[in-house]
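A.B. asks: Quick one: sequence plus predicted model below, questions after.
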Amino acid sequence: MLFKSFLKSIFLLITCTLIPKLHAIEGDLNYPSCEFKKILETEVHLYISKSVLKDLSRDDVKTEIYTWQENANTVLQNSCIPMRRKVTVISYVKPIDSSWFTESQVDNTVLLIEMENNIEYQDIDAAGVPIFNGIIFGRFENGFKSEFCGFASASSNHFVARLKCDDDVMEHEIGHLSGANHDHKTLIEINQFTSINAFKAQRGQPIKPYSFGKVCAGRGTIMTYEPNIIHAYSNPDITFDGHRCGNPHHADNARVLREFAELYLAKN
Ligand SMILES: [Zn+2]
């Protein structure tokens, strides 16, 4: 049983750099206007290592998470996606052993925390809508040497994220869990895939051809690693200084997220 459970939580190392992102945009930024009859609310449950309380108060942690939630909802609104995030569980768990965050063991971190704390993650809400579960901690310390902000599972709705890293980290990781991918430049230059086809082959599951991020006029969208980003998913209807921040054929993360929302809105 244990072996089977370990297999189920195989993670793909989808990571985020520590470079602080800037949102001070100087230029002509245009978001599309859109109205939706129905908006999908997706719950986020966060399990936080008690070790963060060495440096932060519980109110500090709440404030940070509220900022993540606000940023996520701003990104979804700017991107014309009929979806909202709501953090409905903030639960503290035993201090997380930082040695679990080594490259070879990260796949099992979520399961170890579940076992260690005798908790059971909830994967869907009462209406059948996926719940995103995040393991939150302060530092990677001995593991990833503080290089990364987060990881998203390739096989479940779980992510791992650092507090005090980047205010978009939660939405970035949930973006991965919803089918969004980094931009081509990040995948090749930073994630070090030899080609986009090599990335697709490693994923081992179908990838929508338009599921990639985009850099426009030197500004990234939230699935990129650019230090200066606009607050949105890639979307061909967004322009910055006359450049489209998406492409309908290969860079429309907003469409990926919109399709995710429509799938569940159609059922409810
Ligand atoms: Zn990422």
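C.D. replies: That came through fine.

A.B. asks: low pLDDT regions in the stretch 51-200 of the chain?
C.D. replies: Residue ranges of the stretch 51-200 of the chain with pLDDT under 70: 97-107, 139-147.

A.B. asks: Which stretches in it count as helices?
C.D. replies: Secondary structure of the stretch 51-200 of the chain, counting by DSSP state H, counting those that start in this stretch: helices at 58-78, 109-117, 169-177, 184-185, 196-203.

A.B. asks: Quick one, which of those gets closest to the ion.
C.D. replies: Evaluated over the helices of the stretch 51-200 of the chain, closeness to the ion peaks at helix 169-177, with 5.4 Å, by C-beta to the ion. (Each C-beta comes from the backbone N, C-alpha and C, glycine too.)

A.B. asks: Does anything pack onto the closest one? Which helices or strands?
C.D. replies: Packing contacts for helix 169-177, counted by 3 or more C-beta pairs under 8 Å, 6 or more residues apart in numbering; DSSP states H and E, involve strand 40-49, helix 58-78, strand 83-93, strand 132-137, strand 150-152, strand 158-162.

A.B. asks: one more time with 6 Å
C.D. replies: The helices and strands touching helix 169-177, judged by 3 or more C-beta pairs under 6 Å, 6 or more residues apart in numbering; DSSP states H and E, are helix 58-78, strand 150-152, strand 158-162.

A.B. asks: The ones you listed into a markdown table, with extra columns for distance to His243?
C.D. replies: Shown next, in a markdown table, are the helices and strands packed on helix 169-177 (distance: least, C-beta to C-beta, whole Å):
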| stretch | distance to His243 |
| --- | --- |
| helix 58-78 | 16 |
| strand 150-152 | 28 |
| strand 158-162 | 30 |
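
A.B. asks: and Arg244, which of the ones you listed is closest to it?
C.D. replies: helix 58-78 (14.7 Å; C-beta to C-beta).

A.B. asks: Mind listing what's buried along that closest one?
C.D. replies: Judged by neighbour count using 16 or more other C-beta atoms under 10 Å, the buried positions of helix 58-78 are 61, 64-65, 68-69, 71-73, 75-78.

A.B. asks: Dump that helix to PDB, restricted to CA.
C.D. replies: Extracted in PDB, the C-alpha atoms of helix 58-78 (Å, rounded to 0.1, in the frame of the first residue of the first chain):
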ATOM      1  CA  ARG A  58       0.500  33.700  12.300                       C
ATOM      2  CA  ASP A  59      -0.900  37.100  11.300                       C
ATOM      3  CA  ASP A  60       2.100  37.600   9.000                       C
ATOM      4  CA  VAL A  61       1.500  34.300   7.400                       C
ATOM      5  CA  LYS A  62      -2.200  35.100   6.900                       C
ATOM      6  CA  THR A  63      -1.300  38.500   5.400                       C
ATOM      7  CA  GLU A  64       1.100  36.800   2.900                       C
ATOM      8  CA  ILE A  65      -1.500  34.200   1.900                       C
ATOM      9  CA  TYR A  66      -4.200  36.900   1.500                       C
ATOM     10  CA  THR A  67      -1.800  38.700  -0.800                       C
ATOM     11  CA  TRP A  68      -1.300  35.500  -2.800                       C
ATOM     12  CA  GLN A  69      -5.100  35.100  -3.100                       C
ATOM     13  CA  GLU A  70      -5.600  38.700  -4.100                       C
ATOM     14  CA  ASN A  71      -2.800  38.500  -6.700                       C
ATOM     15  CA  ALA A  72      -4.300  35.200  -8.100                       C
ATOM     16  CA  ASN A  73      -7.700  36.800  -8.500                       C
ATOM     17  CA  THR A  74      -6.300  39.900 -10.100                       C
ATOM     18  CA  VAL A  75      -4.300  37.700 -12.600                       C
ATOM     19  CA  LEU A  76      -7.500  35.700 -13.400                       C
ATOM     20  CA  GLN A  77      -9.500  38.900 -13.900                       C
ATOM     21  CA  ASN A  78      -6.900  40.600 -16.100                       C
END
